[in-house]
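# I'd like to go over a predicted model; first the sequence, then the structure.
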Amino acid sequence: MVQELFVRLLRRADLLSLENVDGYVFEAAANIARDRGRYEQARGQGRHVEITDLVAESEEPGAEQIVAGKQRLKRMLAALNALPPRAREVVILRRFENLTYPQIAGRLGISVSAVEKHMARAMSALRLDLVEGDR
């Protein structure tokens, strides 16, 4: 605004011949300030909000994450199907049906110790298959 004031003063050829130069300068500055205020009000200055503030980050996975998840699920199902039938059954009962080891043992007619061994071997095999698949 100061630069605009100087431009106005320089354009006025008869500036020094005015009776009240100081008054003219202050009036010109006031007019510039009013003009700027009207301009900003008309443009909504200060009322604009950045669009990045309005766009919420989606919590849904992106396309790459969906594809990677589907591939990982396929690898997990293939690894699960590669397990011996009894170990696969123990994993399904424990992880998908949330049965306890004693419940699994009772359902399959085996000891709790046998359930623990099947589960340990199955988890080790699944972990190996999934880690190798991620490479």
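Noted; the coordinates are in hand. Numbering: from 1, shown residues only.

# so which residues of this protein form strands?
Listed in chain order, the strands found in the chain under DSSP state E amount to none.

# low-confidence ranges, it, go.
Scanning the chain for pLDDT under 70 picks out the ranges 45-57, 133-135.

# so what are the domain limits for this protein?
For the chain, the structural domains run 2-43, 63-134, going by automatic domain parsing.

# quick check: end-to-end length of the first one?
Yep, that's domain 2-43 we're talking about. Start and end residues of domain 2-43 are separated by 21 Å (C-alpha to C-alpha, to the nearest Å).

# among the domains of the chain, which is the most enclosed?
Neighbour counts (mean count of other C-beta atoms under 10 Å) averaged over each of those peak at domain 63-134, with a mean of 14. C-betas here are computed from N, CA, C, even on glycine.

# which parts of the protein are helices?
The residue ranges that make up the helices of the chain, judged by DSSP state H, are 2-11, 21-43, 51-54, 63-82, 85-91, 101-108, 112-134.

# next, count neighbours for the closest residue to residue 69 other than its chain neighbours.
Closest residue to residue 69 apart from its sequence neighbours, by C-beta to C-beta, 6 or more residues apart in numbering: residue 61 at 7.0 Å. Residues contacting residue 61 under the criterion other C-beta atoms under 10 Å number 11.
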